[in-house]
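Novice: Everything below, folded, please.
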Amino acid sequence: MWQQFEAARLTVDVEAAALQRIYSLAENFPDPQRSNVQELAVSYARGEVQEEWPLMGKGQISPHAEQRAHQLARAVRELDPKTTVQSELYADALVRLDVLRENRALRTTEVREGIPSVVWVVLVSGAVITVGFTYLFAMRSFKLHAVATGALTVVVVLLLFTVGVLNHAFAGDVRVGPGAFELALKEMKQ
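Specialist: The predicted model follows:
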């Protein structure tokens, strides 16, 4: 679960970095193309922070965010390189656009996925069986047996709680936040 949580955080970081790079690459193109790409990049980041993140906490994604992603993609593809340098920057922008789109797709998939019910059944059953086995061990002291069983029960419950908390990377008290997009937005506005 921790690896999935970290993967979700990395996905967000990579997506935001790609967006920021697209914004900066657009600097090398003339208006109105430059301003169109940059305005759409800022709009995408702002929409992620203000609109989509609260929805992701509920296991949903914003249809408006997907629309903004399409608009940004179209604006990047419409950049018209006139020089060799612009052609190279355009190619880089297209690569960054692919990175952004791939990571957005990963993130929106991660929002909807969690641990399947059958896995929860196995985890809880395993926890009950594990704690139940402690009653098969004979100890001379009932108090010591109770302490050992209680300690194991606490550890198993804490592990299940941790799995539950990390089950959805974008919901709950421990979640991947929009910090990468907030930072990108701050950098793009400067």
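
Novice: contacts, neighbours, all on C-alpha from now
Specialist: OK.

Novice: Quick check: the residue of the chain positioned farthest from its centre vs residue 146, distance?
Specialist: What lies farthest from the middle of the chain is residue 140; by CA atoms, centre = their mean that is 51.0 Å. Distance of residue 140 to residue 146, given as CA to CA, to the nearest Å: 11 Å.

Novice: go on, residue 131?
Specialist: 11 Å.

Novice: And residue 179, by the same measure?
Specialist: Using CA to CA, we find residue 179 at a distance of 45 Å from residue 146.

Novice: now residue 27
Specialist: Where residue 146 is concerned, residue 27 sits at a distance of 68 Å (CA to CA).

Novice: One more: residue 176?
Specialist: Remark: distance between residue 176 and residue 146 (CA to CA) = 39 Å.

Novice: Between the two, which has more neighbouring residues?
Specialist: Set residue 176 next to residue 146 and count neighbours by other CA atoms under 10 Å: residue 176 wins out with 21 against 14.

Novice: buried residues in stretch 81-91?
Specialist: By neighbour count on 16 or more other CA atoms under 10 Å, the buried set for stretch 81-91 is 81, 86, 89-90.

Novice: Report the backbone C-alpha coordinates of stretch 82-98 in CSV.
Specialist: The C-alpha atoms that make up stretch 82-98 are tabulated as CSV, following Å, rounded to 0.1, in the frame of the first residue of the first chain:
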residue,chain,number,x,y,z
LYS,A,82,9.4,28.7,-37.5
THR,A,83,13.1,28.0,-36.6
THR,A,84,15.2,25.0,-35.9
VAL,A,85,15.3,25.9,-32.2
GLN,A,86,11.5,26.3,-32.1
SER,A,87,11.2,22.9,-33.8
GLU,A,88,13.3,21.3,-31.1
LEU,A,89,11.3,23.0,-28.4
TYR,A,90,8.0,22.0,-30.1
ALA,A,91,9.2,18.4,-30.0
ASP,A,92,10.0,18.7,-26.3
ALA,A,93,6.6,20.2,-25.7
LEU,A,94,4.9,17.3,-27.4
VAL,A,95,6.9,14.9,-25.3
ARG,A,96,5.9,16.8,-22.1
LEU,A,97,2.3,16.8,-23.3
ASP,A,98,2.4,13.0,-23.6
